[in-house]
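Student: Fold the stuff below for me.
(one chain, ligands or ions: 2)
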Amino acid sequence: AMRRLPYCHRGEVVKGFGRGSKELGIPTANFSEEVVECFPSDISTGIYYGWACVGNGDVHKMVLSIGWNPFYKNIKKSVETHIIHTFKEDFYGEILRIVITGYIRPEKNFDSLEALISAIHEDIEEAKRQLDLPEHLKYKEHSFFHLPEGKIANNH
Ligand code: ADP
Ligand code: MG
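Tutor: Ligands and ions are numbered 1, 2, ... in the order given. The predicted structure is shown next:
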(Lines give C-alpha, C1' and ligand atoms only; values in the text may rest on other atoms or scores of the structure.)
(Ligands and ions follow the chains in the order given, each with its own letter.)
Protein backbone atom coordinates (compact mmCIF):
# COMPACT_ATOMS: atom_id res chain seq x y z
CA ALA A 1 0.00 0.00 0.00
CA MET A 2 1.09 3.54 -0.66
CA ARG A 3 1.73 5.84 2.26
CA ARG A 4 -0.47 8.87 2.51
CA LEU A 5 1.25 12.09 1.55
CA PRO A 6 2.57 14.58 2.51
CA TYR A 7 5.68 13.00 3.92
CA CYS A 8 8.45 15.06 5.55
CA HIS A 9 12.11 14.16 5.68
CA ARG A 10 15.40 15.87 6.40
CA GLY A 11 19.07 15.06 6.27
CA GLU A 12 22.52 16.15 5.24
CA VAL A 13 23.33 16.57 1.56
CA VAL A 14 26.20 14.28 0.60
CA LYS A 15 28.23 13.58 -2.52
CA GLY A 16 26.34 11.39 -4.94
CA PHE A 17 27.64 8.89 -7.43
CA GLY A 18 28.97 11.45 -9.85
CA ARG A 19 26.56 10.43 -12.53
CA GLY A 20 26.89 13.86 -14.00
CA SER A 21 23.41 15.14 -13.19
CA LYS A 22 24.76 18.65 -12.94
CA GLU A 23 26.31 18.44 -16.40
CA LEU A 24 22.85 17.60 -17.70
CA GLY A 25 21.54 20.75 -16.03
CA ILE A 26 19.62 18.73 -13.49
CA PRO A 27 21.68 18.53 -10.29
CA THR A 28 20.25 16.21 -7.65
CA ALA A 29 21.02 16.65 -3.96
CA ASN A 30 21.62 13.20 -2.49
CA PHE A 31 20.84 12.08 1.04
CA SER A 32 23.27 9.79 2.85
CA GLU A 33 22.71 6.06 3.08
CA GLU A 34 21.71 6.42 6.75
CA VAL A 35 19.07 9.04 5.95
CA VAL A 36 17.75 6.95 3.08
CA GLU A 37 17.48 3.96 5.40
CA CYS A 38 15.05 5.96 7.55
CA PHE A 39 12.75 6.32 4.55
CA PRO A 40 9.63 4.24 5.08
CA SER A 41 9.38 1.27 2.73
CA ASP A 42 5.77 2.08 1.87
CA ILE A 43 6.99 5.06 -0.14
CA SER A 44 7.61 3.15 -3.32
CA THR A 45 10.30 3.97 -5.85
CA GLY A 46 9.42 6.49 -8.53
CA ILE A 47 9.27 10.20 -9.22
CA TYR A 48 7.59 12.57 -6.77
CA TYR A 49 7.24 16.30 -6.26
CA GLY A 50 6.93 18.64 -3.34
CA TRP A 51 8.75 21.41 -1.51
CA ALA A 52 12.34 21.70 -0.34
CA CYS A 53 14.50 24.01 1.71
CA VAL A 54 18.26 24.09 2.26
CA GLY A 55 19.45 25.14 5.72
CA ASN A 56 17.43 28.18 6.74
CA GLY A 57 16.82 29.19 3.14
CA ASP A 58 13.62 29.75 1.20
CA VAL A 59 11.19 26.98 0.33
CA HIS A 60 11.28 25.97 -3.36
CA LYS A 61 9.50 23.52 -5.60
CA MET A 62 11.28 20.22 -6.14
CA VAL A 63 11.12 16.92 -7.96
CA LEU A 64 12.38 13.83 -6.21
CA SER A 65 13.55 10.47 -7.42
CA ILE A 66 13.45 7.42 -5.19
CA GLY A 67 15.28 4.63 -6.93
CA TRP A 68 17.49 1.62 -6.53
CA ASN A 69 21.14 2.32 -6.03
CA PRO A 70 23.20 0.51 -8.66
CA PHE A 71 26.33 0.88 -6.52
CA TYR A 72 24.81 -1.50 -4.00
CA LYS A 73 23.56 -4.03 -6.52
CA ASN A 74 20.13 -2.40 -6.36
CA ILE A 75 19.43 -3.53 -2.81
CA LYS A 76 19.69 -0.04 -1.31
CA LYS A 77 17.61 2.94 -2.22
CA SER A 78 18.82 6.32 -3.30
CA VAL A 79 16.84 9.49 -2.74
CA GLU A 80 17.74 12.48 -4.92
CA THR A 81 16.13 15.91 -4.91
CA HIS A 82 16.28 18.36 -7.80
CA ILE A 83 15.29 21.76 -6.44
CA ILE A 84 13.61 23.97 -9.02
CA HIS A 85 15.74 26.99 -8.28
CA THR A 86 19.12 28.31 -9.38
CA PHE A 87 21.56 28.35 -6.47
CA LYS A 88 24.68 30.50 -6.45
CA GLU A 89 26.73 27.73 -4.84
CA ASP A 90 26.67 24.04 -4.07
CA PHE A 91 25.34 23.09 -0.67
CA TYR A 92 27.04 19.85 0.28
CA GLY A 93 26.96 19.36 4.05
CA GLU A 94 23.83 21.45 4.53
CA ILE A 95 20.56 20.09 5.90
CA LEU A 96 17.93 19.58 3.22
CA ARG A 97 14.30 19.41 4.29
CA ILE A 98 11.70 18.03 1.94
CA VAL A 99 7.95 17.69 2.05
CA ILE A 100 6.73 15.20 -0.55
CA THR A 101 3.20 16.04 -1.59
CA GLY A 102 2.53 14.07 -4.79
CA TYR A 103 3.54 11.22 -7.05
CA ILE A 104 4.24 11.50 -10.78
CA ARG A 105 5.30 8.12 -12.18
CA PRO A 106 7.26 4.92 -11.59
CA GLU A 107 10.96 4.60 -12.40
CA LYS A 108 11.64 3.87 -16.03
CA ASN A 109 14.51 2.88 -18.26
CA PHE A 110 15.16 5.06 -21.27
CA ASP A 111 16.64 4.17 -24.65
CA SER A 112 18.76 7.29 -24.80
CA LEU A 113 20.09 10.11 -22.69
CA GLU A 114 17.95 12.52 -24.71
CA ALA A 115 14.82 10.55 -23.81
CA LEU A 116 15.80 10.56 -20.13
CA ILE A 117 16.45 14.30 -20.10
CA SER A 118 13.19 15.12 -21.86
CA ALA A 119 11.26 12.91 -19.41
CA ILE A 120 12.86 14.77 -16.49
CA HIS A 121 11.93 18.10 -18.05
CA GLU A 122 8.34 16.88 -18.35
CA ASP A 123 8.43 15.80 -14.70
CA ILE A 124 9.64 19.27 -13.73
CA GLU A 125 6.82 20.95 -15.69
CA GLU A 126 4.28 18.59 -14.14
CA ALA A 127 5.66 19.30 -10.65
CA LYS A 128 5.47 23.07 -11.22
CA ARG A 129 1.83 22.83 -12.36
CA GLN A 130 0.73 20.54 -9.53
CA LEU A 131 2.48 22.57 -6.86
CA ASP A 132 0.53 25.69 -7.88
CA LEU A 133 -2.73 23.94 -7.00
CA PRO A 134 -4.07 24.87 -3.54
CA GLU A 135 -3.88 21.30 -2.19
CA HIS A 136 -0.12 21.24 -2.82
CA LEU A 137 0.68 24.94 -2.54
CA LYS A 138 -0.48 24.95 1.09
CA TYR A 139 2.45 22.73 2.12
CA LYS A 140 4.93 25.42 1.14
CA GLU A 141 4.08 26.83 4.55
CA HIS A 142 4.42 23.50 6.36
CA SER A 143 5.58 23.95 9.96
CA PHE A 144 8.29 21.36 9.27
CA PHE A 145 10.20 24.06 7.38
CA HIS A 146 10.15 26.47 10.30
CA LEU A 147 10.91 24.22 13.25
CA PRO A 148 14.34 24.81 14.76
CA GLU A 149 17.07 22.22 14.22
CA GLY A 150 17.20 19.53 16.87
CA LYS A 151 13.54 19.84 17.70
CA ILE A 152 12.38 17.90 14.73
CA ALA A 153 12.22 14.26 13.89
CA ASN A 154 11.38 12.91 10.49
CA ASN A 155 7.77 12.95 9.41
CA HIS A 156 6.50 15.40 12.02
P1 ADP B 1 26.24 14.45 -6.91
O2 ADP B 1 26.52 13.21 -7.71
O3 ADP B 1 27.33 14.77 -5.91
O4 ADP B 1 24.88 14.39 -6.24
P5 ADP B 1 25.07 16.29 -8.85
O6 ADP B 1 25.61 16.50 -10.22
O7 ADP B 1 23.80 15.49 -8.72
O8 ADP B 1 26.24 15.66 -7.97
O9 ADP B 1 24.89 17.73 -8.18
C10 ADP B 1 24.28 17.80 -6.91
C11 ADP B 1 24.77 18.97 -6.06
O12 ADP B 1 24.58 20.20 -6.78
C13 ADP B 1 23.96 19.10 -4.79
O14 ADP B 1 24.48 18.30 -3.75
C15 ADP B 1 24.05 20.59 -4.50
O16 ADP B 1 25.17 20.85 -3.67
C17 ADP B 1 24.25 21.23 -5.86
N18 ADP B 1 23.06 21.90 -6.42
C19 ADP B 1 23.11 23.14 -7.00
N20 ADP B 1 21.90 23.51 -7.43
C21 ADP B 1 21.04 22.48 -7.14
C22 ADP B 1 19.64 22.30 -7.34
N23 ADP B 1 18.88 23.23 -7.96
N24 ADP B 1 19.07 21.13 -6.91
C25 ADP B 1 19.85 20.20 -6.30
N26 ADP B 1 21.18 20.32 -6.07
C27 ADP B 1 21.79 21.46 -6.48
MG1 MG C 1 23.08 13.89 -7.30
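Student: Helices along the chain, start to end?
Tutor: 33-37, 113-131, 134-137 (DSSP state H).
Student: for residue 2, what are its contacts?
Tutor: Contact analysis of residue 2 by C-beta atoms under 8 Å, 6 or more residues apart in numbering lists 42-44, 103. Bear in mind the C-beta positions are built from the backbone N, C-alpha and C, glycine included.
Student: Take those and write them to a markdown table, including pLDDT and distance to ligand 2.
Tutor: What follows is those, written out as a markdown table (pLDDT from 0 to 100; distance: C-beta to the ion, whole Å):
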| residue | pLDDT | distance to ligand 2 |
| --- | --- | --- |
| 42 | 89 | 24 |
| 43 | 91 | 19 |
| 44 | 90 | 20 |
| 103 | 96 | 20 |
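Student: returning to what we had before: okay if I get the helices of the chain as TSV plus distance to ligand 2 and mean neighbour count?
Tutor: Shown next, in TSV, are those (distance: least, C-beta to the ion, whole Å; neighbours: other C-beta atoms under 10 Å):
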stretch	distance to ligand 2	mean neighbour count
helix 33-37	13	14
helix 113-131	12	15
helix 134-137	24	13
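Student: would TSV of the ones you listed with mean pLDDT and distance to residue 26 be doable?
Tutor: Putting the helices of the chain into TSV (pLDDT from 0 to 100; distance: least, C-beta to C-beta, whole Å) gives the following:
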stretch	mean pLDDT	distance to residue 26
helix 33-37	92	19
helix 113-131	95	6
helix 134-137	98	21
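Student: who does residue 11 bridge with?
Tutor: Counting by DSSP bridges, residue 11 is bridged to residue 96.
Student: where does this structure dip in pLDDT?
Tutor: Along the chain, segments meeting pLDDT under 70 span 1, 70-72, 149-156.
Student: Near ligand 2, which residues of it are found?
Tutor: Contacts of the chain with ligand 2, taken as C-beta under 5 Å from the ion, map to 16, 21, 28, 30.
Student: thinking again about what came up before, of the helices of the chain, which is nearest residue 96?
Tutor: Set against residue 96 and scored by C-beta to C-beta, the helices of the chain come closest in helix 33-37, at 9.1 Å.
Student: and the two most separated of the residues of the chain next to ligand 2?
Tutor: Pairwise distances across the residues of the chain next to ligand 2 (C-beta to C-beta) peak at 9.2 Å, for the pair 21 and 30.
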